[in-house]
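Trainee: Here is my input; please provide its structure:
(2 chains)
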Amino acid sequence: MNDKKREDVELLSISSGEASQPFDWSVGKHGSYFLQQLRDNKKIVGIKCPGCQRVYVPPRPVCGHCFKGLTLDDIIPVSDEGTIYVCTIVQFGFVDPSTGIQRPVPYTWAFVKLDGADTCLTHFLDSTDAEKVKVGARVKAVFEEKRTGNLMDIKHFAVL
Amino acid sequence: MSKIAIVGVGQTTCTRSKIDTFEEMVFEAASKALADAGAEIGDIDNVVTVSNDFWDGRTISSMAVQEAAGSWGKDVSTVEGDGTFGALYGMMRILSGSFDTTLVVSHMKGSESIMNLITNAMFDPIYQRGMGIDATSAAALQARSYMTMSGATEEDFARVSVKNHGNAKNNPYAQLPMKITVGDVMASRKIAEPLKLLDCSPIGDGAAAVVLSNKKGLKRFRKEPVWIKGVAHCSDSFTLGYRDLAKSRALKEAAQKAYKMAGIKKPLKDLDVAELYDAYSYMELMWYEGLGFAPEGKGYELIRENATGMKGELPVNPSGGVVSSHPVFVAGMVRLIEATLQVRGEAGKRQVKGAKTALAHGINGPCGQAHCVYVVGA
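Mentor: Numbers count the residues shown, from 1 in each chain, chains lettered A, B, ... in the order given. Below you'll find the model as predicted:
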């Protein structure tokens, strides 16, 4: 290619345009029960493996430790209070791809180990105060007034 | 090559839409395969999962089934493609010398997304996607090109649909068991000329699993092994415009290699039953030719003579095939499972009497770009 041609090349790109790819993921029986309890009763449930006694929140159909199927009968209530296992105060913006809403910056999210659970639930905290938001701090779920059967029926966890 | 055996198989039903999550479906299939083998998860040395991020709507989609595949704490890797290729990789992992046994699982929930958009995304984004090409419109191009080359008619395609939907009535796992006529197929809704609704497979939900073992690993299992006597794969060009759409060079190549390994000289005679990946009715006729069941351009003669019916010389798709149940990626693994069940004599109402040697076939990519061929026997 001679230099003349090289100068003539205008680099182009193709946009993916307004294409969207909607999915409808099944939550399954276990997940549906969990979300219904949030929505209808403001209660949080987990599932206890009869083998290793681990309590998973949210409930799931298989215990990976034991390779054992878990049934709806294995579902048990857990507390709406717990302890911060780990947390971070986020300083950059992020548009939620499901809602298109950007959270106000900064915001805090955490892994909360609810009383009675062996696993952590991921959620937002109500505080961005680095003095309050600490590993080991106690938190309590705050529910939305209008609930739709979604993890965001828990508005956030309030640092106690 | 040292010998690899299939010692356990499991499949869920294929349905239009399941409430079950990926995890529940895979757990069902994996548990069935282990129970079939008379084994427990501890007998498995490594796990291969089969999934596709686009179809599942999440990246590293394999992790959605980690627990269900029993791979927590084990060596696990993933094949993004048809289950026959997943099983082949599972086999290779044993042949590498690192493992004696492999569990291979596959899952699909076609119900959760829009097939046309997903399969549109497999095409080149700069030059092809914008045309709206998807799996079905590409298949229609191939069907037309095959008709032009061979003289096969739309009625010949319909005959495949009638045979396979009818066979599906004997398969409790099939999605669309139907007693239909050539007239019904011809009168069904036009999808993309020359394909009509009943020429096209229904994209559904399902999962499947197989347990593989070398000779050393066999003592862990109770099931009589079915041996993989020959296996090969080959890929043609991804770009449809680079390929002779009417002739499957890749299938021919894969079949010849697999036959050589398995000592198959006259496939129509030497094989007792075949399970093929007929995502669209016309494909079965093309695959007859690629697999050497019929000369090039003459695949339609077998269906016209009913040579591939349940009472024919070589029954093809006694299960009802893919045109009656299509969990994408799972479907090839189901062909391997069906071939295994046939050789064991455990295929129930769809059993081909006295079957000893069976062929299983899977495809990947648009219009059967890549093919994987297995010959299995007792």
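
Trainee: what does chain A put close to chain B?
Mentor: Counting by CB under 8 Å from any CB of the partner chain, chain A comes close to chain B at A:14, A:16, A:19, A:21-29, A:31, A:60-65, A:67, A:69. Glycine gets a C-beta too; all of them are placed from N, C-alpha and C.

Trainee: List buried members of those residues by neighbour count.
Mentor: Buried members of the residues of chain A next to chain B, counted by 16 or more other CB atoms under 10 Å in any protein chain shown: A:Ser26, A:Val27, A:Gly28, A:Lys29, A:Gly31, A:Arg60, A:Pro61, A:Val62, A:Cys63, A:Gly64, A:Phe67.

Trainee: Nearest to chain B among these?
Mentor: For these, the closest approach to chain B (CB to the nearest CB) belongs to A:Gly64, at 3.1 Å.

Trainee: In helices only, show me the residues of chain A next to chain B.
Mentor: A:Gly28, A:Lys29, A:Gly31 (DSSP state H).

Trainee: Could you report the neighbour count for the nearest residue to the last one once chain neighbours are set aside?
Mentor: I take that to be A:Gly31. In this structure, A:Gly31 finds its nearest non-sequential neighbour in A:Pro58, 6.2 Å apart by CB to CB, 6 or more residues apart in numbering or on different chains. Residues lying near A:Pro58 (other CB atoms under 10 Å in any protein chain shown) number 21.

Trainee: Does A:Pro58 lie in a helix or a strand, and which?
Mentor: Using DSSP states H and E, A:Pro58 falls within no helix or strand.

Trainee: Name the spans of chain A whose pLDDT lies under the cut-off.
Mentor: A:1-3, A:97 (pLDDT under 70).

Trainee: what separates B:Lys265 from B:Leu271, distance-wise?
Mentor: Separation of B:Lys265 from B:Leu271 (CB to CB, to the nearest Å): 11 Å.

Trainee: residues touching B:Ile337, list them.
Mentor: Applying CB atoms under 8 Å, 6 or more residues apart in numbering or on different chains, we find B:Ile337 in contact with B:Val9, B:Gly10, B:Gln11, B:Ala208, B:Val210.

Trainee: repeat for B:Ser248
Mentor: By CB under 8 Å, 6+ apart, the contact set of B:Ser248 is B:Asp236, B:Met286, B:Trp287, B:Glu289, B:Gly290, B:Gly368, B:His371.

Trainee: want to throw the contacts of B:Ile337 into JSON lines with pLDDT, distance to B:Val343 and neighbour count?
Mentor: Below are the contacts of B:Ile337 laid out as JSON lines (pLDDT from 0 to 100; distance: CB to CB, whole Å; neighbours: other CB atoms under 10 Å in any protein chain shown):
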{"residue": "B:Val9", "pLDDT": "98", "distance to B:Val343": "11", "neighbour count": "26"}
{"residue": "B:Gly10", "pLDDT": "98", "distance to B:Val343": "16", "neighbour count": "23"}
{"residue": "B:Gln11", "pLDDT": "98", "distance to B:Val343": "16", "neighbour count": "25"}
{"residue": "B:Ala208", "pLDDT": "98", "distance to B:Val343": "17", "neighbour count": "37"}
{"residue": "B:Val210", "pLDDT": "98", "distance to B:Val343": "13", "neighbour count": "31"}
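
Trainee: Which of those residues sits closest to chain A?
Mentor: Among those, B:Gly10 lies closest to chain A (CB to the nearest CB), at 13.6 Å.

Trainee: Backbone dihedrals for that closest one, please?
Mentor: Phi and psi for B:Gly10, reported as degrees, to the nearest 10, are phi -150, psi 140.

Trainee: So the closest residue to it other than its chain neighbours versus chain A, what's the distance?
Mentor: Excluding the flanking residues, the one nearest B:Gly10 by CB to CB, 6+ apart is B:Lys32, at 2.8 Å. From B:Lys32 across to chain A, the span is 12 Å (CB to the nearest CB, to the nearest Å).

Trainee: quick one: pLDDT of B:Lys32?
Mentor: B:Lys32 carries a pLDDT value of 98.

Trainee: ok so it is a helix residue?
Mentor: Yes - B:Lys32 forms part of a helix when assessed by DSSP: H, G, I helix; E, B strand; the rest coil.

Trainee: which residue ranges form the strands in chain B?
Mentor: Applying DSSP state E to chain B gives strands spanning B:4-11, B:46-50, B:75-79, B:101-109, B:190-192, B:195-196, B:205-214, B:226-235, B:273-275, B:357-364, B:370-377.

Trainee: With distance to B:Pro315 added, can I get those in JSON lines?
Mentor: Output for the strands of chain B, formatted as JSON lines (distance: least, CB to CB, whole Å):
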{"stretch": "strand B:4-11", "distance to B:Pro315": "19"}
{"stretch": "strand B:46-50", "distance to B:Pro315": "27"}
{"stretch": "strand B:75-79", "distance to B:Pro315": "29"}
{"stretch": "strand B:101-109", "distance to B:Pro315": "25"}
{"stretch": "strand B:190-192", "distance to B:Pro315": "28"}
{"stretch": "strand B:195-196", "distance to B:Pro315": "25"}
{"stretch": "strand B:205-214", "distance to B:Pro315": "21"}
{"stretch": "strand B:226-235", "distance to B:Pro315": "18"}
{"stretch": "strand B:273-275", "distance to B:Pro315": "5"}
{"stretch": "strand B:357-364", "distance to B:Pro315": "10"}
{"stretch": "strand B:370-377", "distance to B:Pro315": "15"}
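
Trainee: pLDDT of stretch B:311-321, averaged?
Mentor: Rounded mean pLDDT across stretch B:311-321 is 98.

Trainee: how far does that stretch sit from the chain's center?
Mentor: Put simply, stretch B:311-321 sits 14 Å off its chain's centre (CA atoms, centre = their mean, to the nearest Å).

Trainee: All the helices of chain A, residue numbers only.
Mentor: Remark: helices assigned in chain A by DSSP H are A:3-8, A:28-41.

Trainee: quick one, which of the ones you listed is packed in tightest?
Mentor: helix A:28-41 (a mean of 18; mean count of other CB atoms under 10 Å in any protein chain shown).

Trainee: would you put the C-alpha positions of that one in CSV?
Mentor: C-alpha atoms of helix A:28-41 as CSV (Å, rounded to 0.1, in the frame of the first residue of the first chain):
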residue,chain,number,x,y,z
GLY,A,28,-36.8,-22.0,40.8
LYS,A,29,-39.0,-23.3,43.7
HIS,A,30,-36.5,-22.5,46.4
GLY,A,31,-35.7,-19.0,45.2
SER,A,32,-39.4,-18.3,44.6
TYR,A,33,-40.2,-19.3,48.2
PHE,A,34,-37.4,-17.0,49.5
LEU,A,35,-38.7,-14.0,47.4
GLN,A,36,-42.3,-14.6,48.4
GLN,A,37,-41.4,-14.6,52.1
LEU,A,38,-39.6,-11.2,51.5
ARG,A,39,-42.5,-9.8,49.6
ASP,A,40,-45.4,-11.1,51.7
ASN,A,41,-44.1,-11.4,55.2
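
Trainee: ok, residues contacting that helix?
Mentor: With contact meaning CB under 8 Å, 6+ apart, helix A:28-41 is reached by A:27, A:43-45, A:47, A:58-61, A:70, A:72, A:75, A:143, A:147-151, A:153-154, B:19-21, B:23-24.

Trainee: How about the contacts made by residue 152?
Mentor: Just going to use chain A. By CB under 8 Å, 6+ apart, the residues touching A:Met152 are A:Glu144.

Trainee: if you could check chain B rather than the one you did, that'd help
Mentor: Residues near B:Ala152 by CB under 8 Å, 6+ apart: B:Tyr146, B:Tyr282, B:Leu285, B:Gly299, B:Tyr300.

Trainee: what about 7 Å?
Mentor: B:Tyr146, B:Leu285, B:Gly299, B:Tyr300 (CB atoms under 7 Å, 6 or more residues apart in numbering or on different chains).

Trainee: again, but for B:Ala262
Mentor: B:Lys229, B:Gly230, B:Val375.

Trainee: which residues does the second one contact?
Mentor: Meaning B:Gly230. Listed by CB under 7 Å, 6+ apart, the contact set of B:Gly230 reads B:Ala258, B:Tyr259, B:Met261, B:Ala262, B:Ile264, B:Val375.
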